[in-house]
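> For reference, the sequence and a predicted model appear below.
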Amino acid sequence: MLYHLNLEEMEGRWIAFVAELPGCFASDADQTVALAKAPYAVADYWGWLRAHGEAVPDEPIQTRVDEVHRAWNSEPDYEVNAFFAADRPPLIPDEIARALRLQEWSHADRLASVAGLSPDDLAREIEEGWSIRRILQHVGGAEWWYLDRLGLAFPQAEVPEDAFVRLEKVRAHFRMVLPSLAGDARLAEPDHELWSPRKMLRRALWHERDHTDHILQFRRRLTE
């Protein structure tokens, strides 16, 4: 089966987004390696879907690059990320229903990644300025920010400070808003970056799964 890759360079690494599979991606500091990883990422994603009872293809995996984008800075501290052609079409109800399932599963994976950790474990700085608690806060804050790009977020002053409360509140709001976006062709361009509901969803699914892997890496280092 042929899958289309949208390749983006940002924050010093290349990410290959698989257009047909929301939340499926491969990444590496080297563009060639990121592309080489993509078929394995698809196979792993198939396994993830299969574990949740979803039907997956039984055929060879092929990939093709559709677009390549390098992030750029519109201001010293603002990186403008890709808007691919695949981000433009409005979401349809079946895609939204599937996205809600994907969010449920990725949410469960994220909770499992921190299960059994003590407050000290969560607060321990593993890399400069970064602890598991800070990753969780970052994921919740980023998801709020994705909603805000399209004017769909609740007021920033109401974003909780506690990482777990923030994640639950923002995710509940995201899931409440998402069904209303079926057929919504809106585009917005805050800070010179183009956004659509489909891009918002792509980024949110990728970001949570990427940082769940990040948390698991940190968790392994807690015993060092």
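Done, it's in. Numbering: from 1, shown residues only.
> For the worst-scoring helix or strand of the chain on mean pLDDT, name the packing helices and strands.
Each helix and strand of the chain was given a mean pLDDT (mean pLDDT, DSSP states H and E); the minimum falls on strand 72-75 at a mean of 81. Strand 72-75 sits against strand 78-80, with contacts defined as 3 or more CB pairs under 8 Å, 6 or more residues apart in numbering; DSSP states H and E. No exception for glycine: its C-beta is placed from N, CA and C like everyone else's.
> I'd like the mean pLDDT over the strand it packs on, please.
Averaged across strand 78-80, pLDDT comes to 88.
> List the neighbouring strands of the least confident helix or strand of the chain plus their orientation.
strand 78-80 (antiparallel) (DSSP bridges).
> how about the strand it pairs with: buried residues?
Residues V80 are the ones in strand 78-80 that count as buried (16 or more other CB atoms under 10 Å).
> Same check on stretch 52-68?
Neighbour-count burial for stretch 52-68 [16+ other CB under 10 Å]: I61, T63, E67.
> The longest helix seen in the chain: which residues count as buried?
As assigned by DSSP state H, the longest helix anywhere in the chain is helix 197-221. By 16+ other CB under 10 Å, the buried positions in helix 197-221 come out as 197-209, 211-212, 214-216, 218-219.
> Stretch 17-25 now?
For stretch 17-25, by 16+ other CB under 10 Å, it's F17, V18, A19, L21, P22, G23, C24, F25.
> Model confidence at the residue nearest to H207 when sequence neighbours are not counted, what's the number?
For H207, the nearest residue in space outside its immediate sequence neighbours is A142; the separation is 5.6 Å by CB to CB, 6 or more residues apart in numbering. With respect to pLDDT, A142 has a value of 98.
> and A142, that one's in a helix?
Yes. The assignment for A142 is a helix, going by DSSP: H, G, I helix; E, B strand; the rest coil.
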